[in-house]
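Student: sequence first, then the predicted structure, then my questions.
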Number of protein chains: 2
Amino acid sequence: MRHKDERSCEGILEKASLRKTEPRMAVLSALLRASRPMSQEQISAKLSPYGPNKVTIYRTLEALVKTGVVHKAFLEERVVHYEISDRCTKQQCHPHFTCRRCGETRCMPEVTLPMAKSPLKGFEITHQQ
Amino acid sequence: MRHKDERSCEGILEKASLRKTEPRMAVLSALLRASRPMSQEQISAKLSPYGPNKVTIYRTLEALVKTGVVHKAFLEERVVHYEISDRCTKQQCHPHFTCRRCGETRCMPEVTLPMAKSPLKGFEITHQQ
DNA sequence: TAATTGTTGCAACTGAGTTGCAAATAGAAT
DNA sequence: ATTCTATTTGCAACTCAGTTGCAACAATTA
């Protein structure tokens, strides 16, 4: 478990041509283990108390977003959440489901939305969220 | 123009059982005039420099959201945007379109998304955004 | 191994949104 | 019209997610 996880993290970083560092491995594996989008604070909480600094986590996430490994989910909370993009195509992400009672959000990779076609002449939809 | 606008603002406030005050009329008419979701700052900029205080605008928007007149749009900017809900059903809002070149966002009320059915047993989707 | 480049942590900052509270005002009651 | 009461407003001070500058550090390259 540990080993496989570690190896896949390494692979992901390599593909993204990001240096393999401890903070990045930690953040990545936390995201891989998660089944729902997480905020920096939630990621931090999942890691060791001696884990990476808040700023480092943000910078790591930024780097992962830039290389397409991770993407941002904009939930209703004014706090950005992040999730691994492996269950999504380049063009669009799965929808999320937030329970009105408990407030928990989970992913719905089973649901696929049709790609909208642009009603605007001269514009093409490349990415749908 | 002015008159009709003013009257519809009054009507909206009355329906929402909110007191008719100057700040509320101002915020509402700014939203009615807009064709895209706006942040508090954008709304403020549209109003007179002697217009309502930032806090008042936020509180007005909050009241309008609570009564369903306005709803929040969560764009990629960590700043909440607000828009009149008149072109939306209770269940779902229209999608938005953000241009990659200029960054401008506009509404696409022409596009209607199908209401997803919940893949989770015992859960019902009441609202889709 | 040294040089170079990218990465980390800290402290201090930014800026959207919030809160407490006293002054002002809309609308109901007289 | 005047008074009364509950809401609403504006200010100042706050919160807190996210950012920036910079010096120390670690990973690749020569």
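Tutor: Right, received. Where do you want to start?

Student: wait, what's in contact with A:Gly103?
Tutor: For A:Gly103, no contacting residues are found, by CB atoms under 8 Å, 6 or more residues apart in numbering or on different chains. Placement of C-beta: from N, CA and C, glycine included.

Student: the least confident helix or strand in chain A by mean pLDDT and DNA strand C in contact?
Tutor: Lowest on mean pLDDT, DSSP states H and E among the helices and strands of chain A sits helix A:2-15, with a mean of 81. No: Helix A:2-15 does not reach DNA strand C (CB under 7 Å from any atom of the strand); its nearest approach is 9.0 Å.

Student: name the helices or strands packed onto that helix?
Tutor: helix A:22-33 (3 or more CB pairs under 8 Å, 6 or more residues apart in numbering or on different chains; DSSP states H and E).

Student: what comes up buried for the helix it packs on?
Tutor: Buried residues in helix A:22-33, counted by 16 or more other CB atoms under 10 Å in any protein chain shown: A:Arg24, A:Met25, A:Ala26, A:Val27, A:Leu28, A:Ser29, A:Ala30, A:Leu31.

Student: just the C-alpha atoms of the helix or strand immediately after that helix in the chain, please, in PDB.
Tutor: Later in the chain than helix A:22-33, the nearest helix or strand by DSSP states H and E is helix A:40-46. Extracted C-alpha coordinates of helix A:40-46, given in PDB (Å, rounded to 0.1, in the frame of the first residue of the first chain):
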ATOM      1  CA  GLN A  40      -5.300  23.300   2.200                       C
ATOM      2  CA  GLU A  41      -6.300  23.100   5.800                       C
ATOM      3  CA  GLN A  42      -7.900  19.700   5.400                       C
ATOM      4  CA  ILE A  43      -4.800  18.400   3.500                       C
ATOM      5  CA  SER A  44      -2.600  19.800   6.300                       C
ATOM      6  CA  ALA A  45      -4.700  18.100   8.900                       C
ATOM      7  CA  LYS A  46      -4.200  14.800   7.200                       C
END
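
Student: so which elements touch helix A:40-46?
Tutor: By 3+ CB pairs under 8 Å, 6+ apart, helix A:40-46 packs against helix A:22-33, helix A:54-66, strand A:81-84.

Student: ok so, going back, columns pLDDT and distance to DNA strand C on top of the buried residues of helix A:22-33, output as JSON lines?
Tutor: Shown next, in JSON lines, are the buried residues of helix A:22-33 (pLDDT from 0 to 100; distance: CB to the nearest atom of the strand, whole Å):
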{"residue": "A:Arg24", "pLDDT": "97", "distance to DNA strand C": "5"}
{"residue": "A:Met25", "pLDDT": "96", "distance to DNA strand C": "9"}
{"residue": "A:Ala26", "pLDDT": "97", "distance to DNA strand C": "9"}
{"residue": "A:Val27", "pLDDT": "97", "distance to DNA strand C": "9"}
{"residue": "A:Leu28", "pLDDT": "96", "distance to DNA strand C": "11"}
{"residue": "A:Ser29", "pLDDT": "95", "distance to DNA strand C": "13"}
{"residue": "A:Ala30", "pLDDT": "97", "distance to DNA strand C": "14"}
{"residue": "A:Leu31", "pLDDT": "96", "distance to DNA strand C": "15"}
